[in-house]
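Participant: Curious how this folds, go ahead:
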Amino acid sequence: MNSKSLTILFWAVISLCMDTSCVKRYGKYEMYNQLSIGQLELSGLSLDLDEPLHAEFVIQYLLQEKRKHWDGVSPRVARKLTEQLGTEPYICFLLAEYYFDQREYDLALQQLNTPVEGMPELEVYDLKSKIYNRLGAYDLAIDQINNAILINSSNSTLFDQKANIYLHMKDSLSALTYYKQAWSLDQSKLDIPVKVARLYAEQGELEEAISWLDRVDLDQSSPEVRAVKIKIYRSQGMDLEANSILKAQLDKGDLSSGKELVNFFKARHKADSVLHYASVILEQDSVNRDAMMDKAEMYDLKGYFSSSIQYYELVLEIDSLDQEAIEGVRKVNGKIAYLRKIRERKESIPTFDIASPELKKTLD
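Facilitator: Numbers count the residues shown, from 1 in each chain. A predicted model of the protein is given here:
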């Protein structure tokens, strides 16, 4: 379907909405239900700046471009839309979002402060708060987010955002308060317990930090949750608990957890454990270069030189120019040659049979 056909379809939908009186109001600005934010996801719309611009079409075009990270909107397009439709409230708001994403914060504020009625009030306060936060004007950011919360005090995201602002202000106690409030409103946001746990860990309250991480099912959470929990366990010397998490993840195919276990035991010079976890990794990824190198190094340390060379050569089969593996083979062969020389020298030393006193007495 070409852009002209899409344009005809767009206006057909508009006409249908108008005929059925399906109208929703954002502030004082009327928007059609099918045209509310993101609900009518027409794609392939194109904008001809030389043609008359209609507000509803431009709104849908901007929503389309927002979903595409503003690929089709340039500063020139934004200026043209401001010139022609700068009194349309929702277009002003969408252009503010565009400028915010481009880090043009002054231009974003200029759009939000346009003296027109009908912009979505809560969203304006929310976006202004984000802008002031980015600019480091934290008091103004707090004022704006408080205005948004007055409109919708059950929105978890707003309290999360307020906590982030306080965190930038180095006020960890206030940040904790609002992160907890955000969690009480929406316990599907698994990043919030992680943030709370980090703050408690920084304050040395490790038991409280772990209790917050325990509120999150590790199987459903992000790797960041596990990383924070492992870090806290390590800081308390609870290596068995930390390694237990990593083992469980390795069993599920997370090779990065296996690598972390290998590095943990390597740092403690526990060659057998390193060999074990490197083998587990190779069971899941038979050409894992790091695991092969780990086994080669550990066999070298234990004096199993033929096994060490075997794994270095496996690496070289994958990449014949791998300098680390080439150097590993050279060093191991050097050790083998050195030990052979010592054995040969030992074998070349003549031996003399000296009769014992008892034997001499008997012979006499």
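Participant: Using PDB, write out every CA atom in the strand or helix carrying Ile145.
Facilitator: Applying DSSP states H and E as the criterion places Ile145 in helix 138-151. The C-alpha coordinates for helix 138-151 follow below in PDB (Å, rounded to 0.1, in the frame of the first residue of the first chain):
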ATOM      1  CA  TYR A 138      16.600  19.100  40.700                       C
ATOM      2  CA  ASP A 139      14.400  21.400  42.700                       C
ATOM      3  CA  LEU A 140      12.400  22.200  39.600                       C
ATOM      4  CA  ALA A 141      12.300  18.600  38.600                       C
ATOM      5  CA  ILE A 142      10.800  17.700  42.000                       C
ATOM      6  CA  ASP A 143       8.200  20.500  41.700                       C
ATOM      7  CA  GLN A 144       7.100  19.100  38.300                       C
ATOM      8  CA  ILE A 145       7.000  15.500  39.300                       C
ATOM      9  CA  ASN A 146       4.900  16.500  42.400                       C
ATOM     10  CA  ASN A 147       2.500  18.200  40.100                       C
ATOM     11  CA  ALA A 148       2.200  15.000  38.100                       C
ATOM     12  CA  ILE A 149       1.700  12.900  41.200                       C
ATOM     13  CA  LEU A 150      -1.200  15.200  42.300                       C
ATOM     14  CA  ILE A 151      -2.900  14.300  39.100                       C
END
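Participant: pLDDT on it, on average?
Facilitator: Average pLDDT, helix 138-151: 97.
Participant: tell me the mean pLDDT over the helix or strand following that helix?
Facilitator: Going down the chain from helix 138-151, the next helix or strand is helix 156-168, by DSSP H and E. The average pLDDT for helix 156-168 rounds to 97.
Participant: ok, now stretch 52-59?
Facilitator: 86.
Participant: May I ask you to name the longest helix in the protein?
Facilitator: helix 323-348 (DSSP state H).
Participant: list the helices and strands that helix packs on?
Facilitator: With contacts defined as 3 or more CB pairs under 8 Å, 6 or more residues apart in numbering; DSSP states H and E, the packing partners of helix 323-348 are helix 289-302, helix 305-318. In short, each C-beta sits where N, CA and C put it, glycine included.
Participant: which one of the ones you listed is the most hemmed in?
Facilitator: The highest average neighbour count among the helices and strands packed on helix 323-348, using mean count of other CB atoms under 10 Å, belongs to helix 289-302 at a mean of 21.
Participant: who's in contact with that helix?
Facilitator: Under the contact criterion CB atoms under 8 Å, 6 or more residues apart in numbering, helix 289-302 has outside partners 258-259, 262, 266, 271, 274-275, 278-279, 281-282, 285, 305, 307-312, 314-315, 318-319, 322, 324-325, 328, 331-332, 335.
Participant: repeat for stretch 108-117
Facilitator: Outside stretch 108-117, the residues that reach it (CB under 8 Å, 6+ apart) are 27-29, 82, 86-89, 92-93, 95-97, 99-100, 119, 124, 127-128, 131.
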